[in-house]
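Novice: give the three-dimensional model of this entry:
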Amino acid sequence: MTSDGQLRTKIVKKMVRKRVVGGHKKQVETVKNWCATSDQGRAEDLVREMIRDPEAPLEGYGGSRDNVRLTGIDDAKAYIETHGGDLPWGLRD
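Specialist: Residues are numbered from 1 along each chain as shown. Predicted coordinates for the structure are as follows:
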């Protein structure tokens with residue numbers, strides 16, 4: 001099982017790779033399904049926590065808390081780097 005910090009970073013990295021920003025949104029259900037089966041329950045909780053956390057680069061979108069997107073690519077990159085993750089290929093300087 002993955003630690004919460006690792007799982008948060010993994011979620012943000014996947015959202016960056018898929019460019020879930022601006023008008024592009026995903027349902028929380030979809031995002032949690034990107035994680036290992038054993039981590040999906042915790043991933044859903046973490047996504048919902050990150051939506052409420054002003055330090056996290058996620059936001060609820062479209063009047064429904066079940067839609068989520070990144071606040072911006074640069075925000076996501078900073079979050080990944082701050083939390084010890086490697087940037088996805090194509091986002092490295």
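
Novice: C-alpha only now, for contacts and for neighbours.
Specialist: OK.

Novice: got the CA positions of the helix or strand harbouring Gly5 in PDB?
Specialist: Using DSSP states H and E, Gly5 sits within helix 4-17. Output of helix 4-17 as PDB, limited to C-alpha atoms (Å, rounded to 0.1, in the frame of the first residue of the first chain):
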ATOM      1  CA  ASP A   4      -0.600   9.200   1.500                       C
ATOM      2  CA  GLY A   5       2.200  11.600   0.300                       C
ATOM      3  CA  GLN A   6       3.200   9.200  -2.500                       C
ATOM      4  CA  LEU A   7      -0.400   8.700  -3.500                       C
ATOM      5  CA  ARG A   8      -1.100  12.500  -3.600                       C
ATOM      6  CA  THR A   9       2.000  13.000  -5.800                       C
ATOM      7  CA  LYS A  10       1.000  10.100  -8.100                       C
ATOM      8  CA  ILE A  11      -2.500  11.600  -8.600                       C
ATOM      9  CA  VAL A  12      -1.100  15.000  -9.400                       C
ATOM     10  CA  LYS A  13       1.500  13.600 -11.800                       C
ATOM     11  CA  LYS A  14      -1.200  11.600 -13.600                       C
ATOM     12  CA  MET A  15      -3.400  14.600 -13.900                       C
ATOM     13  CA  VAL A  16      -0.500  16.600 -15.300                       C
ATOM     14  CA  ARG A  17       0.300  14.000 -17.900                       C
END
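
Novice: who's in contact with whichever helix or strand comes after that helix?
Specialist: Counting by DSSP H and E, the next helix or strand C-terminal to helix 4-17 is strand 26-27. Here strand 26-27 makes contact (Cα atoms under 8 Å, 6 or more residues apart in numbering) with 20, 66-69.

Novice: confidence-wise, which of those residues comes last?
Specialist: Least confident of these in the model: Asp66, at 88.

Novice: for the helix or strand hosting it, list every residue counted as buried.
Specialist: Assessed by DSSP H and E, Asp66 sits inside strand 64-70. Going by neighbour count (16 or more other Cα atoms under 10 Å), the buried part of strand 64-70 is 66-70.

Novice: who touches the helix holding Gly5?
Specialist: By Cα under 8 Å, 6+ apart, helix 4-17 touches 31, 34-35, 42-43, 46-47, 57, 69-70, 73, 76, 79-80, 83, 85, 87-88.
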